[in-house]
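A.B. asks: when you get a sec, could you give me coordinates for this:
(one chain, ligands or ions: 3)
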Amino acid sequence: MVEGMFREWEKHPGTVSGIGPVRPRVSETRSRQTGDKRCERKALRPPGIDWDTPAGSPSGSVCVPVCEILAVREADVEGRGKTSGRWQRLSRRPAEGYPYAFTVSYVERVKQHRWRCRDVTFQCADGAVCQQWIHSIRDQLSKLTGRPRHLLVYINPHGGRGRGKQIYEEKVAPLFSRASISASVIVTERANHARDHLKTDADLKKYDGVVCVGGDGMFSEVLHGLVSRTQRDAGVDQNRREQRLVPCPVRIGIIPAGSTDCVCYGTVGVNDPVTSALHIIVGDSQPLDVCSIRHADALLRYSVSLLGYGFYGDVLTDSERRRWMGPVRYDVSGLKTFLAHNYYEGTVSFLPATDVAGSPRDKTTCRAGCSRCLKDSQAYGTGNCVRGRDQGGDWRVIRGKFLAVNAAGMSCACPRSPGGLSPSAHLADGTTDLILVRKCSRASFLRHLLRHTSPQDQFDLSFVEVHRVRRFCFMPRRSEHEGDPVCSSWNCDGEILPHASVDVGVHCQLIRLFARGIEDIATP
Ligand SMILES: CCCCCCCCCCCCC/C=C/[C@@H](O)[C@H](COP(=O)(O)O)NC(=O)CCCCC
Ligand SMILES: Nc1ncnc2c1ncn2[C@@H]1O[C@H](COP(=O)(O)OP(=O)(O)O)[C@@H](O)[C@H]1O
Ligand SMILES: [Ca+2]
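C.D. replies: Ligands and ions are numbered 1, 2, ... in the order given. Model (predicted):
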């Protein structure tokens with residue numbers, strides 16, 4: 001901020017006369033919350049009239065950090081945005097003698113982690129000053145690194161309530177175009193279309209990011225396509241467990257249009273398409289751990305959120321037959337699976353993450369700019385799964401009858417469960433939280449499930465245990481009794497994995513999302 005300039009403006013509120021054709025400047029402070037240099041908070045206070053200030057802002061003053069400006073465009077005092085040619089609604093009549101104006105679009109935080117695009121229009125008496133402001137703001141925006149210019153977008157037209165295309169066209173595309181982002185859009189025609197296209201055909205050099213419009217299943221397709229492609233390009237054999245995987249250079253954006261949208265919810269704090277589009281535009285970056293799931297050393301699948309055997313595997317298997325119901329299928333299948341009360345016998349062995357500071361029950365939460373993720377990932381190394389010295393580590397073995405064996409690589413928060421399956425899990429610390437729910441009565445299991453919907457500790461029950469691990473294996477016990485359910489399937493980020501016996505390892509920060517983690521609600 002140029003103090004003199006601002007004082008001048010305060011002396012003459014509502015006018016730019018007397019200030020002259022100044023070069024607009026900005027003040028800088030490091031982002032308090034992320035410490036991210038790319039997102040330094042630069043305050044912009046144009047010495048013009050803000051006669052279209054958004055509701056709620058102190059009258060006569062608008063302060064916008066440059067890293068949260070989405071775009072600037074010339075406006076004309078008749079109220080028509082010059083570039084868009086569309087009429088804007090202005091809250092006040094233009095002041096007499098101020099025929100030049102520009103409009104700044106910026107991020108505004110509304111309730112519950114939602115972001116919205118707001119416009120403020122500044123009016124000037126002098127056309128040259130107006131142009132200087134526009135050029136200067138554009139210049140500041142062009143200096144921000146990490147903002148995408150070209151995106152590859154995949155839309156699942158059948159995800160969630162089948163509104164993916166409409167959501168993209170009505171809510172997201174206009175924001176991308178306002179921010180001068182070009183997008184190549186592919187509406188998928190079959191399951192695995194996006195995955196296969198990314199694996200082999202997509203010219204990834206042309207894009208700064210890949211966006212999926214859909215639910216966790218659609219995200220999973222993009223995850224598999226990108227991780228496989230990255231390893232192939234780097235000459236890495238994904239089937240070799242000891243091999244360090246190469247982190248994906250391309251960020252992934254998620255526009256939530258699915259049934260659960262857990263990956264989006266757990267990394268942004270809300271499943272709202274506009275909020276996610278804005279996180280993409282400002283070029284946010286959130287690293288994420290990825291689990292590789294293997295059987296007999298061959299790679300089966302990758303997962304970032306829930307890997308669930310027993311209850312969540314059965315819910316998913318049943319729900320796939322009810323896709324026509326839309327998102328409500330999970331409630332129907334959830335109830336049916338709960339009543340069936342199946343349990344599965346098996347052996348879980350795991351390698352506890354003894355070298356991390358936190359634990360699944362320490363009541364801390366992973367938030368934007370999480371220092372624990374930073375510290376733990378630095379100590380561990382990105383892409384790594386289990387380091388050489390851990391392989392002979394202190395494995396623990398638990399045999400038993402389980403209603404559920406769940407691994408939560410992140411909290412798995414979603415609208416059904418705002419805290420998630422493991423509220424203290426971290427997005428990018430190189431660990432997953434292994435939750436074992438032993439056979440118990442229906443009433444006890446219901447108690448455990450209900451605690452996912454309240455702040456009560458779902459692990460504070462005698463039949464539940466939770467461990468923060470780097471690697472785990474599950475081996476089902478074959479039943480000798482006819483009629484007993486033998487094996488369940490794994491629910492792998494919402495996709496059925498029809499194997500029971502698995503070996504799972506966490507690859508620290510293998511991918512990055514266009515997100516920043518959940519912001520503390522107090523963040524300005
Ligand atoms: C009787 C009260 C029961 C309350 C239970 C609440 C527990 C909810 C925990 C939900 C965890 C969800 C983990 C996320 C899984 C998703 O990846 C997966 C697929 O999502 P999408 O592709 O968007 O459809 N969703 C599920 O597996 C649904 C699980 C619902 C269980 C009731
Ligand atoms: N065009 C398509 N036709 C059929 N299935 C598709 C298509 N595109 C993606 N899919 C698959 O649809 C499934 C569900 O997608 P998702 O977007 O997660 O929706 P939901 O959250 O409702 O499950 C995924 O398995 C995905 O691979
Ligand atoms: Ca993790």
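A.B. asks: dump the helix or strand harbouring residue 177 to CSV, restricted to CA.
C.D. replies: Using DSSP states H and E, the element containing residue 177 is helix 173-178. Output in CSV follows, covering the C-alpha atoms of helix 173-178 (Å, rounded to 0.1, in the frame of the first residue of the first chain):
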residue,chain,number,x,y,z
ALA,A,173,-17.0,-22.9,-17.5
PRO,A,174,-18.1,-19.3,-17.1
LEU,A,175,-15.6,-18.9,-14.2
PHE,A,176,-12.8,-20.5,-16.2
SER,A,177,-13.5,-18.2,-19.1
ARG,A,178,-13.6,-15.1,-16.9
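A.B. asks: contact partners of that helix?
C.D. replies: 70-71, 84, 105, 117, 151, 182-183, 274, 277-278, 280-281 (CB atoms under 8 Å, 6 or more residues apart in numbering). Backbone N, C-alpha and C define where each C-beta goes, glycine included.
A.B. asks: buried sites along that helix?
C.D. replies: Buried residues in helix 173-178, counted by 16 or more other CB atoms under 10 Å: 173, 175, 176, 178.
A.B. asks: kindly report the same for stretch 437-447.
C.D. replies: Buried, per 16+ other CB under 10 Å, within stretch 437-447: 437, 438, 439, 440, 444, 445, 447.
A.B. asks: kindly report the same for stretch 405-425.
C.D. replies: Buried residues in stretch 405-425 (16+ other CB under 10 Å): 405-414, 417-425.
A.B. asks: give the helix, strand or coil label for residue 185.
C.D. replies: What DSSP: H, G, I helix; E, B strand; the rest coil gives for residue 185 is strand.
A.B. asks: smallest gap between the stretch 51-200 of the chain and ligand 2, at which residue?
C.D. replies: residue 159 (2.8 Å; CB to the nearest ligand atom).
A.B. asks: does that residue touch residue 260 like I think?
C.D. replies: No - contact between residue 159 and residue 260 fails when scored by CB atoms under 8 Å: they sit 10.4 Å apart.
A.B. asks: tell me the contacts of the single nearest residue of the chain relative to ligand 2?
C.D. replies: Per CB to the nearest ligand atom, residue 215 is where the chain lies closest to ligand 2, at 2.1 Å. Applying CB under 8 Å, 6+ apart to residue 215 gives the contacts 156, 159, 160, 256, 257, 258, 259, 260, 261, 494.
A.B. asks: try 10 Å this time
C.D. replies: Shown in contact with residue 215 (CB atoms under 10 Å, 6 or more residues apart in numbering): 156, 158-160, 164, 254, 256-264, 271, 327, 493-494.
A.B. asks: how much space between it and residue 156?
C.D. replies: 7 Å (CB to CB, to the nearest Å).
A.B. asks: overlap in contacts of those two?
C.D. replies: What both residue 215 and residue 156 touch, as defined by CB under 10 Å, 6+ apart, is the set 164, 257, 258.
A.B. asks: measure the residue of the stretch 201-350 of the chain found nearest ligand 3 to residue 67 for me?
C.D. replies: Nearest residue of the stretch 201-350 of the chain to ligand 3: residue 289, at 4.1 Å (CB to the ion). Look at residue 289 and residue 67: by CB to CB, they are 26 Å apart.
A.B. asks: have a look at those two and say which one is more surrounded.
C.D. replies: Each of residue 289 and residue 67 has its neighbours counted (other CB atoms under 10 Å); residue 289 has more, 26 against 23.
A.B. asks: hmm, which of the contacts of helix 173-178 is lowest in pLDDT?
C.D. replies: Among those, residue 84 has the lowest pLDDT, at 47.
A.B. asks: what parts of the stretch 401-524 of the chain come near ligand 2?
C.D. replies: When proximity is defined as CB under 6 Å from any ligand atom, the stretch 401-524 of the chain approaches ligand 2 at 494, 495.
A.B. asks: which residues in the stretch 401-524 of the chain form helices?
C.D. replies: Counting by DSSP state H, counting those that start in this stretch, one finds helices in the stretch 401-524 of the chain at the ranges 442-450.
A.B. asks: what residue ranges in it are flagged as low confidence?
C.D. replies: 479-485, 522-524 (pLDDT under 70).
A.B. asks: alright, calling it a day.
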